[in-house]
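Chemist: Sequence and predicted structure are below.
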Amino acid sequence: MSLMADSPVKVNNPGDEPAGPSPEEQKKMEAAYNQMKRKMAISEMGKSIKHKIMVLSGKGGVGKSTVATGLALSLAQQGLKVGLLDIDITGPNVPKMMGLSGRRLNVESGRIHPAQGHLGVKVISMAFLLEDEDTPVVWRGPIKLGAIQQFIGDVDWGELDYLIIDFPPGTSDEPLTVAQNLPDIDGMVIVTTPQDVALLDSRKSITFANSLKVDVIGVIENMSGYTVRGKAPSGTEIELAAPGGKTIRVTADEEGHWFGTLDIFKSGGGEKTAEEFGVPFLGKLPFDPGFVRGGDDGVHRIVSEPEGASSQAFANVVAEIQTRVESGSTDGGLEII
């Protein structure tokens, strides 16, 4: 066969070196190799982390990240090995709550090593990649999802008893990506407040979990009641003005201590929603201004007052979660869609 001089077809003569891959083909081969290594690492990660829990909320402002951080710290109080993955790419707040502001990712031999926060909790967050906390992360879907896959596959968590995963509010791509890439997820914890608007969105989160075939471990009602405390002579009756024109009467005990709980944002909506959808209700967490101060100072209430009422409330919720995941009452996995 004869070819014109300008023919695009190249014929290798005997003895010629075979043509190597083009730069574009080389990039594709490297990307495929890295993806294969990541999948293998994710598979090993599934074996080295006993329990993986996703923490979601239907809307912002319900204290989801504070709850996720509190769950991790409460578990660590028991002497367990705990990791906290902040998957909120565009609004990462966990490092500040854990006293890790300004930290940078430590990468060795192609593996990302988590920072260590209070009580030995290991933390990974997008915030560790930002030079300036005020820098917005303006990423489209594919880039954002690629970062999530890298956080899942390239982080060296070591052996963990629990990995708590904090998501941005809503039912966007982030939880879907994690559900499709991370094996053997125990389930989702849904955080809400007693407000009707928050409860409406929490219903969407439960439906979302069902669509992914991910078990709903349960619902947590956050900001449920604000407890006022004081001292007065023993036996003194005190009247507290409560929301909605209600009055609460309390009596000082023998030591002169009194307290009353005000339902600032209503109460009981989270439990009612859980009952309506047939999922467990894990408990209530109080409205505590100390969480705001702790979040700003980087010292969570559980760390600053480990024996306080809020810490005990978290311990009760964590006990409910542990009962479900460690007894095998969750599905212990999910169906990839």
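Modeler: Good, I have the coordinates. Numbering: from 1, shown residues only.
Chemist: Helices of the chain, residue ranges please.
Modeler: Applying DSSP state H to the chain gives helices spanning 23-48, 64-77, 94-97, 141-153, 173-181, 196-211, 269-277, 289-297, 301-304, 309-326.
Chemist: Show me what the second one is packed against.
Modeler: Under the contact criterion of 3 or more Cβ pairs under 8 Å, 6 or more residues apart in numbering; DSSP states H and E, helix 64-77 touches strand 49-56, strand 82-86, helix 94-97, strand 160-166, strand 187-192, helix 301-304, helix 309-326. All C-beta atoms are positioned from the backbone trio N, CA, C, and that covers glycine.
Chemist: on that earlier part again, can you tell me which of the helices of the chain is nearest to Trp258?
Modeler: Closest approach to Trp258 among the helices of the chain is made by helix 309-326 (14.4 Å; Cβ to Cβ).
Chemist: starting at the chain centroid, how far to the closest one?
Modeler: 16 Å (Cα atoms, centre = their mean, to the nearest Å).
Chemist: cool, and stretch 92-112?
Modeler: For stretch 92-112 - counting by Cα atoms, centre = their mean - the centre lies 15 Å from the chain centre.
Chemist: So for it, what gets flagged as buried?
Modeler: Under the neighbour-count criterion of 16 or more other Cβ atoms under 10 Å, stretch 92-112 has Pro92, Asn93, Val94, Pro95, Lys96, Met97, Met98, Gly99, Leu100, Arg103, Leu105, Ile112 buried.
Chemist: Show the contacting residues for the third one.
Modeler: Yep, that's Val94 we're talking about. Contact analysis of Val94 by Cβ atoms under 8 Å, 6 or more residues apart in numbering lists Ser65, Ala68, Thr69, Leu84, Asp86, Asp88, Val123, Ser125, Ala127, Asp166.
Chemist: out of everything not next to it in sequence, what's closest to the residue most central in space within the chain?
Modeler: Closest to where the C-alpha atoms of the chain average out (Cα atoms, centre = their mean) is Asp166, at 1.5 Å. Distance criterion Cβ to Cβ, 6 or more residues apart in numbering; nearest residue to Asp166, sequence neighbours excluded, is Ala68 at 3.9 Å.
Chemist: right, and Leu199 touches Gly270 too?
Modeler: Yes: applying Cβ atoms under 8 Å, one finds Leu199 in contact with Gly270, separated by 7.1 Å.
Chemist: Show me which of these two is the more surrounded one.
Modeler: Using other Cβ atoms under 10 Å as the criterion, Leu199 and Gly270 rank with Gly270 on top: 28 against 22.
Chemist: Next, the contact list for the residue lying closest to the more buried one once chain neighbours are set aside, please.
Modeler: Counting by Cβ to Cβ, 6+ apart, Gly270 lies nearest to Glu221, which is 2.9 Å off, once chain neighbours are set aside. By Cβ under 8 Å, 6+ apart, the contact set of Glu221 is Thr192, Thr193, Pro194, Ser267, Gly268, Gly269, Gly270, Glu271, Phe281, Gly283, Lys284, Leu285.
Chemist: List the beta-bridge partners for Glu221.
Modeler: Thr192, Lys284 (DSSP bridges).
Chemist: swap in Leu84?
Modeler: Beta-bridge partners, per DSSP bridges, of Leu84: Val123, Ile164.
Chemist: What is the burial count for it?
Modeler: There are 30 residues near Leu84, going by other Cβ under 10 Å.
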